[in-house]
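1. heads up, no residue letters with this:
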């Protein structure tokens, strides 16, 4: 049996990528150092370049927050493809840091960040697509977006 | 003179480990990549599986927050033993990221996270048990726990 | 043409370094592991040892917050020189994590953290001085400082 490559698995999902984001400050969206690909904190960029904004726990419920996190994941994939040419250049997810623009009462941050993690799992698989993770609620995010996520990957 | 191993030092402390936590989302609690052990953000799990909940600065004072951070450290140790079989498989602490469920007025986050760091120092020693660290106050944490901590270790 | 070294570029800037900070908990300000230099979360320490305190979005506007982030960067440089003897021992910036003591309404965290990132860019250059980055707003910071930043560098 042939195992589909990460890029082929992503294509089969039929999802639309947003444009790879330009940095909004003095940083680079992606950096290769040795065997690792580092990604900057990414925002939920829509295909038209706008952001999913608002706070989870009031303007968004947990499921809408999860969709925002999936959109962050898609934006990260756009950066990976822009930088490396193909998702096949990534062997595995090492680490994800997920920040939710959250009311003080909200407590389902893992459910929200799953929107990104499950996307990665569907591309790199239930073993290589799943790394360590922290998820928590922050007081505020750039441009008042709903979710920001950074990651470290291992190169293929 | 014989130097006690990390596992022997932990046993001598007489502390009770909580059960190693199951992931509450699409991540793994621990991942070995090359010479490093990455731990996901861990929560203060008690031996009965429940969490230490509540905000530091109102529901908990700084010392109660420090005890919650120690409980996070114990939960991290449970994960290390579950994954590697022994604390002796870890050579040193590299990096700790400590998130305190904090009121906006609270400003003693280093004191709180010391509850975890001093535990690690008592096991791996004042040199190898002490790495770099950031401590800060977040708006909200999963399940409304008091403290969440992630870490990177170097394997022995 | 001779290219100035990082240490020479820093000297040419004519900026004053604060004292290298002592840890305010059970951690070390800097740790070398393999080819990497890890820095703990640093605070905006002034040359007299006091901190730039207060929340960005009320007590500080975005530009004052950016100056606080530059002061954090200077404090990080003081730690690098204290630990390694010279900024020339660092080859490049890999990763910056920037935490802003922020009102819930503030949304210009990238502008604030640029205060540190632009300083690093002026020392290590527009390629090697610019790594990946996340910037976000936290509920509270140690000693009520305005900004906290941690970083990972690659050694020369």
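-> Received the coordinates, thanks. This is a predicted model, so every value here is computed, not measured.
2. tell me which element residue A:136 falls in.
-> Assigned by DSSP states H and E, residue A:136 belongs to strand A:132-138.
3. quick one: that strand to strand B:132-138, angle?
-> 40 degrees (axes from the mean of the first three to the mean of the last three Cα atoms, to 10 degrees).
4. right, is the helix or strand following strand A:132-138 up against chain C?
-> Next helix or strand after strand A:132-138 toward the C-terminus (DSSP H and E): strand A:147-155. Yes - Strand A:147-155 reaches chain C (Cβ under 8 Å from any Cβ of the partner chain) through A:148, A:150. All C-beta atoms are positioned from the backbone trio N, CA, C, and that covers glycine.
5. What sits closest to the residue nearest the centre of chain A if chain neighbours are left out?
-> Compute the mean C-alpha point of chain A, and by Cα atoms, centre = their mean the closest residue is residue A:73, 2.5 Å away. Among residues not flanking residue A:73 along the chain, residue A:116 sits closest, at 3.7 Å (Cβ to Cβ, 6 or more residues apart in numbering or on different chains).
6. quick check, that neighbour in a strand?
-> No - with DSSP: H, G, I helix; E, B strand; the rest coil as the criterion, residue A:116 is located in helix rather than a strand.
7. Distance of the residue nearest to residue A:30 when sequence neighbours are not counted relative to residue A:155?
-> Excluding its sequence neighbours, the residue lying closest to residue A:30 (Cβ to Cβ, 6+ apart) is residue A:83, at 4.3 Å. Residue A:83 sits 11 Å away from residue A:155 when distances are taken as Cβ to Cβ, to the nearest Å.
8. Could you tell me which residues touch both of these two?
-> In terms of Cβ atoms under 8 Å, 6 or more residues apart in numbering or on different chains, residue A:83 and residue A:155 are both contacted by the residues A:32, A:37.
9. Neighbours of the closest residue to residue A:93 other than its chain neighbours, how many?
-> Nearest non-adjacent residue to residue A:93, counting by Cβ to Cβ, 6+ apart: residue A:131, 3.9 Å away. Neighbourhood size, residue A:131 [other Cβ atoms under 10 Å in any protein chain shown]: 25.
10. distance of residue A:131 from residue A:118?
-> With Cβ to Cβ as the criterion, residue A:131 and residue A:118 are 13 Å apart.
11. And for residue A:78?
-> 18 Å.
12. How about residue A:129?
-> 9 Å.
13. same thing with residue A:84?
-> Counting by Cβ to Cβ - residue A:84 and residue A:118 are separated by 22 Å.
14. tell me the average confidence for the longest helix anywhere in chain A?
-> As assigned by DSSP state H, the longest helix anywhere in chain A is helix A:62-84. For helix A:62-84, the mean per-residue pLDDT is 98.
15. mind showing which ranges of chain A have poor pLDDT?
-> Chain A contains residues with pLDDT under 70 at A:1-2.
16. Spell out which residues of it are next to chain B.
-> A:35, A:57, A:94-96, A:100, A:102-111, A:113-114, A:117-118, A:120-121, A:130-139, A:154.
17. Drop anything exposed from the residues you listed.
-> Neighbour counting over these (16 or more other Cβ atoms under 10 Å in any protein chain shown) leaves A:57, A:94-96, A:100, A:102-104, A:106-111, A:113-114, A:117-118, A:120-121, A:130-139, A:154 as the buried ones.
18. related to what we said a few turns ago, report all helices and strands that the longest helix of chain A contacts.
-> strand A:30-33, strand A:36-42, strand A:90-101, helix A:109-128, strand A:147-155 (3 or more Cβ pairs under 8 Å, 6 or more residues apart in numbering or on different chains; DSSP states H and E).
19. can you list these in TSV and add distance to residue C:5?
-> Shown next, in TSV, are those (distance: least, Cβ to Cβ, whole Å):
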stretch	distance to residue C:5
strand A:30-33	21
strand A:36-42	25
strand A:90-101	33
helix A:109-128	40
strand A:147-155	29
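20. Quick check: which of the ones you listed is nearest to residue C:90?
-> Nearest of the helices and strands packed on helix A:62-84 to residue C:90, taken as Cβ to Cβ: strand A:30-33 at 13.2 Å.
21. For the closest one, which outside residues touch it?
-> A:37-40, A:79-80, A:82-84, A:155, C:94-95, C:131-132, C:154.
22. mind redoing it with 7 Å?
-> Residues outside strand A:30-33 that contact it (Cβ atoms under 7 Å, 6 or more residues apart in numbering or on different chains): A:37-39, A:79-80, A:83, A:155, C:94, C:131-132, C:154.
23. Residue numbers of chain A in contact with chain C?
-> Contact residues, chain A versus chain C (Cβ under 7 Å from any Cβ of the partner chain): A:24-28, A:30-31, A:33, A:38-41, A:99, A:138-144, A:148, A:150.
24. Buried ones among the residues you listed?
-> Buried, going by 16+ other Cβ under 10 Å: A:24-28, A:30-31, A:33, A:38-41, A:99, A:138-142, A:144, A:148, A:150, out of the residues of chain A next to chain C.
25. any idea how far stretch A:146-156 is from the chain center?
-> How far stretch A:146-156 lies from its chain's middle: 6 Å, per Cα atoms, centre = their mean, to the nearest Å.
26. List the buried residues for it?
-> A:146-154, A:156.
27. Assess the claim that residue A:94 and residue B:40 are in contact.
-> No - in this structure, residue A:94 is not within contact of residue B:40 by Cβ atoms under 7 Å, at 11.3 Å.
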